[in-house]
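Novice: this one's sequence-less:
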């Protein structure tokens with residue numbers, strides 16, 4: 001797929017930044033900002049959306065408890081999941097005469113809960129109810145049917161009836177704020193048994209059903225793997241006058257393996273510094289060059305790895321990785337939905353060990369992984385970003401005069417293609433020193449401030465390394481779970497009261513190591 005020159009240039013700059021960082025591996029680093037020089041609002045996409053496995057898991061009490069916690073601590077506003085129309089959710093059947101029978105009791109329980117905690121659904125329309133499916137092909141342990149409908153008119157009527165139900169239950173103004181995404185990764189044979197043309201037909205009928213209820217409702221796709229089908233989707237909708245409000249797709253940062261649910265074939269973290277972020281920049285460029293340049297762009301799945309059996313998800317490296325990619329993306333996407341918020345996730349079936357490389361920010365037992373703290377720190381940033389030339393940090397202020405600096409080092413320590421993630425990230429991986437980091441903030445009002453320092457890194461809010469130090473038990477008892485939580489509870493590593501004099505800059509110096517993440521919270525007293 002042809003890249004536009006400015007996407008190539010952006011990717012080149014990402015590579016150059018990383019090369020410079022590697023060259024200056026042990027040199028001191030300074031971040032210089034001025035409270036009087038603002039860059040504008042902090043990008044809203046940073047915690048716009050998060051993923052979950054499937055809708056039926058959302059009926060579980062522990063899933064709901066964890067989502068409420070993640071919503072409160074990380075501020076996610078939307079959630080996307082598979083399986084909304086699957087047989088587990090009892091949405092669709094037919095009577096003996098073939099007349100459709102609709103039922104939304106399970107969906108109501110789930111969506112009412114989302115509403116109760118202030119979250120909105122990023123509605124993925126899939127997979128196919130078996131009573132409407134054209135074949136028996138399924139995916140995952142929970143058997144999501146991936147075949148086209150045997151009757152596209154009945155598919156359209158199902159979508160229209162469902163959206164009308166949402167409108168009646170939640171009101172048109174609320175549903176206008178939702179997103180409706182048609183299907184998941186139809187460019188992969190495992191997820192869609194039809195052709196691209198069949199998908200476009202599926203999308204057309206779904207979009208028509210949604211817009212028949214309210215033309216202001218937002219619908220999009222193609223929800224592909226690897227930033228595929230984007231120009232084709234736009235061209236099709238433009239030529240055939242099919243409604244399209246946004247483009248959605250997915251990106252992951254590994255090589256090798258494919259739909260590797262158990263990590264048997266192995267994955268390798270890509271050494272390309274533009275992995276993931278380069279795809280997002282390319283997607284934005286393709287939209288800008290298309291007949292519909294104003295479309296929103298949503299990456300409805302992304303992470304370091306696309307298998308729920310990859311220990312990088314548990315590693316402290318994941319926290320810095322996520323922040324680095326989000327910083328590189330900037331405002332190119334309207335959302336970047338981290339896949340997923342919890343290890344309560346059963347695509348390969350229930351898991352038998354507490355740390356198994358699951359996608360989640362939390363383990364099944366509710367232990368915070370390092371990546372959870374990356375998103376928690378992001379949520380603690382003020383709404384106004386300061387001008388900042390450093391490529392691995394955000395410095396922000398809020399309306400109360402408080403200042404927050406989120407700074408990190410991302411160093412890809414993976415040895416390369418000869419070693420799989422499944423072998424590399426399962427061991428104790430001490431970090432190496434990267435010198436000193438100095439934060440200099442000019443323009444602060446004179447007065448007293450409380451300075452809190454929070455950290456994620458090796459052996460700091462690093463639950464997996466704590467687990468390894470216990471001998472990696474196959475099961476954790478209650479006391480062990482509580483011990484891991486206590487030792488990785490996100491408390492500040494230091495707190496001090498300081499005075500800033502008139503016309504004096506605030507300065508904070510810290511030692512930084514590979515893949516450390518720091519939040520420096522400066523509270524005006």
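Specialist: Everything's here; your move. All of these numbers come straight from a predicted model, not from anything done at the bench.

Novice: rest of the way, CA atoms for contacts and neighbours
Specialist: Noted.

Novice: Residue 454 versus residue 38, what's the distance?
Specialist: 24 Å (C-alpha to C-alpha, to the nearest Å).

Novice: Neighbour count: the two, which is higher?
Specialist: Of the pair residue 38 and residue 454, residue 454 is the one with more neighbours under other C-alpha atoms under 10 Å, namely 20 against 16.

Novice: contacting residues around the nearest residue to that one once chain neighbours are set aside?
Specialist: Nearest non-adjacent residue to residue 454, counting by C-alpha to C-alpha, 6 or more residues apart in numbering: residue 492, 4.5 Å away. Counting by C-alpha atoms under 8 Å, 6 or more residues apart in numbering, residue 492 touches 452, 453, 454, 455.

Novice: hmm, 7 Å instead?
Specialist: 452, 453, 454 (C-alpha atoms under 7 Å, 6 or more residues apart in numbering).

Novice: Which one of these is nearest to residue 129?
Specialist: Proximity of those to residue 129 (C-alpha to C-alpha) peaks at residue 454, which lies at 47.0 Å.

Novice: I figured residue 277 was touching residue 328, is that so?
Specialist: Yes - counting by C-alpha atoms under 7 Å, residue 277 does reach residue 328; the two are 6.0 Å apart.

Novice: Tell me which of those two has more neighbours.
Specialist: For residue 277 versus residue 328, the count of surrounding residues by other C-alpha under 10 Å is larger for residue 277: 25 against 22.

Novice: Retrieve the pLDDT associated with that one.
Specialist: Among the per-residue scores, residue 277 holds a pLDDT of 97.

Novice: got the end-to-end distance for stretch 418-426?
Specialist: Terminal residues of stretch 418-426 are spaced 16 Å apart (C-alpha to C-alpha).

Novice: Do me a favour and average the pLDDT over that stretch.
Specialist: 94.

Novice: Would you mark the buried spots in it?
Specialist: Buried positions in stretch 418-426, judged by neighbour count with 16 or more other C-alpha atoms under 10 Å: 420, 421, 422, 424, 425, 426.

Novice: And the contacts of it?
Specialist: Residues outside stretch 418-426 that contact it (C-alpha under 7 Å, 6+ apart) are 263, 266, 267, 268, 269, 310, 311, 312, 315.

Novice: Can you lay out the buried residues of stretch 418-426 as TSV showing distance to residue 292 and secondary structure?
Specialist: Formatted as TSV, these follow (distance: C-alpha to C-alpha, whole Å; DSSP: H, G, I helix; E, B strand; the rest coil):
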residue	distance to residue 292	secondary structure
420	41	coil
421	40	helix
422	42	helix
424	44	helix
425	43	coil
426	45	coil
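
Novice: Output those residues in CSV, with distance to residue 383 appended to each entry.
Specialist: Putting the buried residues of stretch 418-426 into CSV (distance: C-alpha to C-alpha, whole Å) gives the following:
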residue, distance to residue 383
420, 39
421, 36
422, 38
424, 38
425, 35
426, 37
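
Novice: Let me know the closest of the residues you listed to residue 371.
Specialist: For the buried residues of stretch 418-426, the nearest to residue 371 is residue 425 (14.6 Å; C-alpha to C-alpha).

Novice: and the gap between the closest one and residue 453?
Specialist: 27 Å.

Novice: Let me know whether residue 337 touches residue 50 as I believe.
Specialist: Yes - shown here, residue 337 and residue 50 form a contact pair, counting by C-alpha under 7 Å, at 4.4 Å.

Novice: Quick check: buried residues in stretch 458-478?
Specialist: 458, 459, 460, 461, 462, 463, 464, 465, 466, 467, 472, 476.

Novice: now stretch 318-337
Specialist: For stretch 318-337, by 16+ other C-alpha under 10 Å, it's 318-337.

Novice: Where do the strands of the stretch 251-400 of the chain begin and end?
Specialist: Ranges of strands within the stretch 251-400 of the chain are 254-255, 268-269, 296-303, 335-338, 384-386, 393-397, based on DSSP state E, counting those that start in this stretch.

Novice: hmm, who's touching the third one?
Specialist: In this case it means strand 296-303. Here strand 296-303 makes contact (C-alpha under 7 Å, 6+ apart) with 51, 245-253, 284, 333-339.

Novice: Next up, phi/psi of the residue of the chain most remote from its centre, please.
Specialist: For the chain, the C-alpha farthest from the mean C-alpha position belongs to residue 97; by C-alpha atoms, centre = their mean, that distance is 43.7 Å. Main-chain torsions, residue 97, degrees, to the nearest 10: phi -100, psi 0.

Novice: Can I have the buried ones of the contacts of strand 296-303 as a ChimeraX selection?
Specialist: Entered in ChimeraX, the line below selects the buried ones among these, by 16+ other C-alpha under 10 Å:
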select :51,245,246,247,248,249,250,251,252,253,284,333,334,335,336,337,338,339
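
Novice: Now, the contacts of strand 296-303 that are in helices?
Specialist: Among these, the residues falling in helices (DSSP state H) are residue 284.

Novice: Could you pull up the residues touching the residue nearest to residue 448 when sequence neighbours are not counted?
Specialist: Closest residue to residue 448 apart from its sequence neighbours, by C-alpha to C-alpha, 6+ apart: residue 499 at 4.4 Å. Residue 499 sits next to 447, 448, 449 when contact means C-alpha under 7 Å, 6+ apart.

Novice: And the residues you listed, which is closest to residue 357?
Specialist: Residue 357 has its nearest neighbour among the contacts of residue 499 in residue 449, at 40.3 Å by C-alpha to C-alpha.

Novice: State whether the closest one is indeed within a helix.
Specialist: No - counting by DSSP: H, G, I helix; E, B strand; the rest coil, residue 449 is located in no helix; its state is strand.

Novice: What strand or helix carries the residue nearest to residue 448?
Specialist: Assigned by DSSP states H and E, residue 499 falls within strand 494-500.

Novice: Mind listing the strands that strand pairs with, and their directions?
Specialist: Here strand 494-500 is paired, per DSSP bridges, with strand 447-456 (antiparallel).

Novice: Just give me the closest of the buried residues of stretch 458-478 to residue 376.
Specialist: residue 461 (12.2 Å).

Novice: So which bits of stretch 28-38 are buried?
Specialist: Residues 29, 31, 32, 33, 34, 35, 38 are the ones in stretch 28-38 that count as buried (16+ other C-alpha under 10 Å).
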